[in-house]
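# One predicted model, sequence on top.
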Amino acid sequence: MSARFLSLADAVAEHVQDGDCVALEGFTHLIPFAAGHEIIRQRRHDLHLVRMTPDLVYDQMIGMGCARKLTFSWGGNPGVGSLHRLRDAVERRWPHPLQLDEHSHAGMAAAFCAGAARLPFGVLRGYLDTDLPAHNSNIRRVQCPFTGESLAAVPAINPDVTILHAQCADRQGNVALHGIVGAAREAALAAKSLLVTVEEIVESLSPAMNGMLLPHWVVDAVAHCPGGAYPSYAQGYYERDNAFYRDWDAIARDREVFLAWMGEHVLNSADHRGFLGSLLERAA
Amino acid sequence: MSARFLSLADAVAEHVQDGDCVALEGFTHLIPFAAGHEIIRQRRHDLHLVRMTPDLVYDQMIGMGCARKLTFSWGGNPGVGSLHRLRDAVERRWPHPLQLDEHSHAGMAAAFCAGAARLPFGVLRGYLDTDLPAHNSNIRRVQCPFTGESLAAVPAINPDVTILHAQCADRQGNVALHGIVGAAREAALAAKSLLVTVEEIVESLSPAMNGMLLPHWVVDAVAHCPGGAYPSYAQGYYERDNAFYRDWDAIARDREVFLAWMGEHVLNSADHRGFLGSLLERAA
Amino acid sequence: MSACTRDEWMTIAAARLLWDGCVCFVGIGLPSAACNLARLTHAPDIVLVYESGTIGTRPEVLPLSIGDGELAQTAAYVVPLPEIFSYYLQAGRVDVGFLGAAQIDRFGNLNSTVIGSYDAPETRLPGAGGAPEIATHARQTFVMLKATPRSFVERLDFRTSAGYLGGSGARARTTAPGGGPCVVISDFGTLVPHPRTQELQLSALFSGVGVEEARAAVGWPLTLAEHVGLIDPPTPNELETLRALHARTRAAHARPMPLPL
Amino acid sequence: MSACTRDEWMTIAAARLLWDGCVCFVGIGLPSAACNLARLTHAPDIVLVYESGTIGTRPEVLPLSIGDGELAQTAAYVVPLPEIFSYYLQAGRVDVGFLGAAQIDRFGNLNSTVIGSYDAPETRLPGAGGAPEIATHARQTFVMLKATPRSFVERLDFRTSAGYLGGSGARARTTAPGGGPCVVISDFGTLVPHPRTQELQLSALFSGVGVEEARAAVGWPLTLAEHVGLIDPPTPNELETLRALHARTRAAHARPMPLPL
């Protein structure tokens, strides 16, 4: 089965259902902001969101009431501070309670790897003498059948749908990404369904050799979405908008300001191009 | 600690000791033939050899009495047939008995990955309903602490020394390789000591981004050894000598012919350049 | 064009079984020839995966070894070997796994490890390689195996890869996700498992081959499938394409390799 | 040049503790500034590893986030994140892990998860990130932490990362391969663990800071190491290099990013 080319709206409508386990991955690079916004526009809710580093786009999704549960390992605004919507959900259950499945980076990496390999659990020397296992029954122990040593175990993560943003796809739907890739590959291969937004669709990719490629037959849908990682960045295309990240702090601190901003820029824009246009207007 | 630049003879003298567990990896590409020959020249013995696909260079080392044990998953002359020296050792204990630790490719891959990650065991859905576990106590079962499912487990492989052949190293000892890489990276990172022979030493490597590199601080020794993978191949440098592989079948079939050939070409040559020269002479 | 050899016919018969777009985990030798023939004829978008980590390979000439440079140079993507086995094969992403073996039994179990006893073998074979997990995880497997006096046997000396075990649903009661061997292509014709017992039965013959030749080649009392078909002879295009591929391959492999001196 | 700030002094004091060629697992913020200052002064061959997978990074400007493009562009090598944690950190290949936290206790245990109870937190913090395994596996860890009324505490609200647990060899009796926190750099000076009890003791002060300031900043009865040193003020070269780095960073981060429209 090969990748289909869809508009982002159609791709989200088809691949993201209420109640789904959804991973928008990208380790502070190639963050699928456009896709997150489209999920908000389509008013998806009751989602189990998965992401090592929930950042602004998850803050927005949580604040807009899309999520019932969050699997994560570090939830902050990188280099800036808190995610106020995430905090509001955890500390004051607004807009509703958020269940946490909290890990370390190493633990989530092992869980994604297990998911990609279709093993039921991942093993690591981790979580040693920390309070995390006491608060998360998804952190257990397994015994080495050779040495008897006890190690940490985490259940595999197999999202219903993983969404990535990547630099380009060819006409067959082979997807190429480069730069900081985080656990993008593992999250992609662990998913039941894979949707990728890309900066560019090209006639053919240059041979990848040992680069990183998601072959077209593991990709379900490709949506052409230039600027789709903004305000994060796409190596080779555009840089991170650090000012946006800094400004977000003040916007997200206050529920009303947040809702007004989301209304103006996300809900009132038809798509990502519209979203970017609304920011341009405001700046002018 | 950074890589040291040594002659291959010095590197083998320093890093390979009698009795060691030694992995010369390279999945039918970048096979460290020169290093294997140097081990034979230095008359190392009692080695525990590890390699997914023991091919001609292991046939030669086994026939010359270097090995007491072999961990492997497929032992043949690729595209040609048997490894007659390996067979002679297993079937008729010549030159002496060879203990087998036999796996599947998937099992050895899991064992190398566990070794590189310094986990005591690797997990796979493997060895299902085969006779291998009955003949190898290194294939056991482990139970998922979440689902209760029983899976195959293999002990990590952590060689005393791993030897690779690669395309190039820079002056710091960063090693770059590309093309078919097999489990070379995992075997390298699993080892207590890492020795790499390279086609070329360059002033600086081009930025690897997501390519494959062994950073200088995981490399113990680098030996400049052009043609070091011959008769296998080095992507971008030279191709595989298929005729050599075919001709080997007749040489290895007979103990006397084998010993004479090894004497003439390996033992009587001072180094790999000498080995290649002796083949040129014979061809002339 | 000269009459086709049995090897050619086997290869062509196997190639016909592959469909465009299918993801094949390919071994060296006859399977590799069959898959590439399919790619060069009716299945241009077949995805060939070799265990060396090359994905979406389109080799001009057949590889002599699983690790030939040709496979990497023409691949969409080359991954480290552990990924091929865990993220692709074990993850259930392979449609068809091609297996060969030294021995096969009536339930499609395979031996590529030893003839004789494991500890004192009469003949030590190369061993398992990728086969046990291909047999477990590929959605279906094709087995290619020439009939020799000791290839189709009543009892394996060693079970390297599981087929249908003892048959009659035994495999389905294990945790193996893959469906098992759905066809065996030999040099007299093809066998397929009986729908209920999973015993391999004669399903088709190359035209010109009689049932008796098949029975003589097989070490258990061979039964016939409900319908035993006739395998069409190679078309001129199939045979020309295959022979041209072999000719290119021979020429490439005969090219002397200068010593890297 | 203006008098240095405490932040600058902390950064410079931390940088001095790093040696040339050491492999550092670096976090964003003060640790990243300290490591890059070391690289630009006395340790040109320090190997900087960021958890985003960038190895041997030599950024011109400090990253605002762990995943900044600058880190990838100047890296010797960028690996997928699972590899950084398994093949490098867990494999014991990191000499120094740099940690920050919201709270530290007298045995160097750290909290970066919650203030208050986990289920009904007063303040939800970002969480563990890479810290628990850095604390376990790095051969040694450096902790950088400014003194605030709630940072050096008698009792943690949550133990995110293990230091010396209850002290007196408790850590050594676990399976943690790394040595634990060997120094805490704060804005009054440094603490090091007592050789036997592993309780953090005042080991050095910035010149001009009195013991009483340190005692006031720390939430347990702070004892003094056998020898309490004085930390030399920044040299002009250290301060100039650090300020130039920060100036470059500010300029780069202030550059307006055109919308990708």
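Looks like it came in fine.
# the domain parsing of chain A - what is it?
Per automatic domain parsing, the domain ranges recorded for chain A read A:4-103+A:159-283, A:105-155.
# As JSON lines, those with mean pLDDT, mean neighbour count and distance to chain C would be great.
Backbone N, C-alpha and C define where each C-beta goes, glycine included. Shown next, in JSON lines, are those (pLDDT from 0 to 100; neighbours: other CB atoms under 10 Å in any protein chain shown; distance: least, CB to the nearest CB, whole Å):
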{"stretch": "domain A:4-103+A:159-283", "mean pLDDT": "94", "mean neighbour count": "21", "distance to chain C": "4"}
{"stretch": "domain A:105-155", "mean pLDDT": "98", "mean neighbour count": "23", "distance to chain C": "4"}
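# Okay, strands next: where are they in the stretch 51-200 of chain A?
Along the stretch 51-200 of chain A, the segments classed as strands by DSSP state E, counting those that start in this stretch run A:67-72, A:99-102, A:121-124, A:140-143, A:150-155, A:161-170, A:175-177, A:193-202.
# do the fourth one and chain D meet?
Which is strand A:140-143. No: Strand A:140-143 lies out of reach of chain D by CB under 8 Å from any CB of the partner chain, never closer than 11.6 Å.
# Let's see that strand as PDB, backbone CA atoms only.
These are the backbone C-alpha positions of strand A:140-143, laid out as PDB (Å, rounded to 0.1, in the frame of the first residue of the first chain):
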ATOM      1  CA  ARG A 140       7.800  -2.000  35.900                       C
ATOM      2  CA  ARG A 141      10.800  -4.400  36.300                       C
ATOM      3  CA  VAL A 142      11.900  -7.300  34.200                       C
ATOM      4  CA  GLN A 143      14.500  -9.900  35.100                       C
END
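# Sheet partners, orientation included, of it?
Sheet pairing for strand A:140-143, assigned by DSSP bridges, gives strand A:150-155 (antiparallel).
# what distance separates the partner strand from the middle of the whole chain?
Distance, stretch centre to chain centre, for strand A:150-155: 24 Å (CA atoms, centre = their mean, to the nearest Å).
# Give me the contact list for it.
Strand A:150-155 has contacts (CB atoms under 8 Å, 6 or more residues apart in numbering or on different chains) with A:103, A:107-108, A:110-111, A:114, A:120-128, A:133, A:138-144, B:119-120, B:144-146.
# Can you tell me which of these end up in helices?
Taking DSSP state H, the ones among the contacts of strand A:150-155 that sit in helices are A:107-108, A:110-111, A:114, A:133.
# which two in these are spaced the farthest apart?
Pairwise distances across the ones in helices among the contacts of strand A:150-155 (CB to CB) peak at 17.4 Å, for the pair A:114 and A:133.
# Regarding stretch A:67-78, how distant is the last residue from the first?
21 Å (CA to CA, to the nearest Å).
# Kindly apply the preceding question to stretch C:51-62 instead.
End-to-end distance (CA to CA), stretch C:51-62: 15 Å.
# Isn't residue A:214 up against residue A:170?
No: contact status for residue A:214 versus residue A:170: not in contact, 11.3 Å apart, counting by CB atoms under 8 Å.
# Would you mark the buried spots in the longest helix anywhere in chain C?
Determined from DSSP H, the single longest helix within chain C is helix C:236-254. Neighbour-count burial for helix C:236-254 flags C:238-239, C:241-242, C:245-246, C:249, C:252-253 (criterion: 16 or more other CB atoms under 10 Å in any protein chain shown).
# what packs against that helix?
helix C:6-16, helix C:30-40 (3 or more CB pairs under 8 Å, 6 or more residues apart in numbering or on different chains; DSSP states H and E).
# Next, the residues that contact it from outside, please.
Applying CB under 8 Å, 6+ apart, the contact partners of helix C:236-254 are B:242-243, C:1, C:4, C:8, C:11-12, C:15, C:33, C:36-37, C:40-41, C:60-62, C:64, C:70, C:234.
# Which among the residues you listed count as buried?
Here, 16+ other CB under 10 Å leaves B:242, C:4, C:8, C:11-12, C:15, C:33, C:36-37, C:40-41, C:61-62, C:64, C:70, C:234 buried among these.
# So for these, which is the shakiest by pLDDT?
Note: of those, the lowest pLDDT belongs to residue C:64, at 86.
# Does that one touch residue B:242 like I think?
Yes: Residue C:64 lies in contact with residue B:242 (CB under 8 Å); the separation is 5.2 Å.
# and for those two, which residues touch both?
Residues touching both residue C:64 and residue B:242 by CB under 8 Å, 6+ apart: B:79, C:253.
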